[in-house]
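J.: What follows is a protein structure lacking sequence information:
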């Protein structure tokens with residue numbers, strides 16, 4: 001996040017996480033995670049950590065429905081992303097370069113997550129989670 005990003009966020013009363021929590025920030029009130037172009041492992045960690053509080057969670061990031069398609073047959077790589085029942089609205093495609101933010105979406109959840117069978121919880125060792 002650049003200093004300009006931080007200034008804008010703070011001007012809207014948003015809090016910036018000062019240390020890398022590897023997606024394991026538990027929420028206690030409605031919270032927006034701004035995560036454009038992160039790896040599926042990081043989205044998975046955010047969802048896993050807040051699985052029982054999904055209705056309080058808003059995620060700006062890569063399309064979860066696209067991940068569901070891309071990871072079909074290997075959902076164990078991101079079980080919470082694949083199991084999340086999110087409402088999703090894609091961002092408009094208004095950038096000069098078509099590959100910039102090409103699958104960014106706004107995600108929200110109407111209910112807590114359902115049971116995820118055989119979910120791996122060792123994503124912290126994944127190289128995508130920095």
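T.: Alright, I've got the coordinates. What you see is a predicted model, and the numbers here were worked out from it, not measured in a lab.

J.: Give me the neighbour count for residue 43.
T.: Residue 43 sits with 25 neighbouring residues when counted by other C-beta atoms under 10 Å. Yep, even glycine has a C-beta here, placed from its N, CA and C like the rest.

J.: how close does the residue positioned nearest the centre of the chain get to residue 12?
T.: Centroid-nearest residue in the chain, with C-alpha atoms, centre = their mean: residue 43, separated by 3.7 Å. For residue 43, the distance to residue 12 (C-beta to C-beta, to the nearest Å) stands at 23 Å.

J.: ok, now residue 44?
T.: Counting by C-beta to C-beta, the gap from residue 44 to residue 12 is 27 Å.

J.: what about those two, which has more around it?
T.: For residue 44 versus residue 12, the count of surrounding residues by other C-beta under 10 Å is larger for residue 44: 27 against 6.

J.: Please give me every residue in contact with the closest residue in space to the more buried one that isn't next to it in sequence.
T.: What sits nearest to residue 44 in space, not counting adjacent residues and going by C-beta to C-beta, 6 or more residues apart in numbering, is residue 78, at 4.3 Å. By C-beta atoms under 8 Å, 6 or more residues apart in numbering, residue 78 lies in contact with 40, 41, 43, 44, 67, 71.

J.: May I have the residues that are in contact with the last one?
T.: Read that as residue 71. By C-beta under 8 Å, 6+ apart, the contact list for residue 71 reads 40, 77, 78, 81, 82.
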